[in-house]
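[1] I would like the atomic coordinates for the input below:
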Amino acid sequence: MMNTVVEEQNVYEDLDPHDTYFFKIGVRGLVCFHGRNYSLKKRLSAEQTSKLISDSSFYRISTNCYVNLFKVHAVQDNVLLFRDEYHGIKTINVSRRNIEGVKRLLPGTNRALASRIH
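    Residues are numbered from 1 along each chain as shown. Sure, this is the predicted structure:
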């Protein structure tokens, strides 16, 4: 019989911002990351925050909120949907102007989904 060890990623210690659906920037470097089954706050330096918001994977949808374009599953009216096979759907409301910006920047197959669902 073969023993298999399953290693679970500790989200709190090994957070990769590119695995999150979206994040919100708070005061004094506090950033709240929202992922498939978690929302966690982490304090980042000004340099780390600047690097994160200048990353082309993220699009600003409000003053302090950025979405991960590669994690958007669909666009429905003024709502972005993030889907995970195991944890279901997570959503976030976005203004109409910013929805159009997201649709323009959606990578590959997500762009086709956005145009069919709207």
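
[2] those strands in this protein, which residues are they?
    22-25, 30-34, 39-43, 58-62, 65-68, 74-76, 79-84, 88-93 (DSSP state E).

[3] got TSV for those, with distance to Asp14 too?
    Every C-beta, even on glycine, is put in place using the N, C-alpha and C of the backbone. Formatted as TSV, the strands of the chain follow (distance: least, Cβ to Cβ, whole Å):
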stretch	distance to Asp14
strand 22-25	16
strand 30-34	12
strand 39-43	12
strand 58-62	19
strand 65-68	17
strand 74-76	28
strand 79-84	18
strand 88-93	20
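
[4] mind checking which of those is nearest Lys103?
    Checking these against Lys103 by Cβ to Cβ gives strand 74-76 as the closest, at 6.1 Å.

[5] buried set for the closest one?
    Judged by neighbour count using 16 or more other Cβ atoms under 10 Å, the buried positions of strand 74-76 are Ala74, Val75.

[6] Run the chain-centre distance for it.
    How far strand 74-76 lies from its chain's middle: 14 Å, per Cα atoms, centre = their mean, to the nearest Å.

[7] Okay, now the sheet partners of that strand, with direction.
    Sheet partners assigned to strand 74-76 using DSSP bridges are listed as strand 79-84 (antiparallel).

[8] Report the inter-axis angle for the partner strand versus strand 88-93.
    160 degrees (axes from the mean of the first three to the mean of the last three Cα atoms, to 10 degrees).

[9] ok, the residue positioned nearest the centre of the chain to Phe70 distance?
    Central residue of the chain (Cα atoms, centre = their mean): Tyr21, 1.9 Å from the mean position. The gap separating Tyr21 from Phe70 is 10 Å, by Cβ to Cβ, to the nearest Å.
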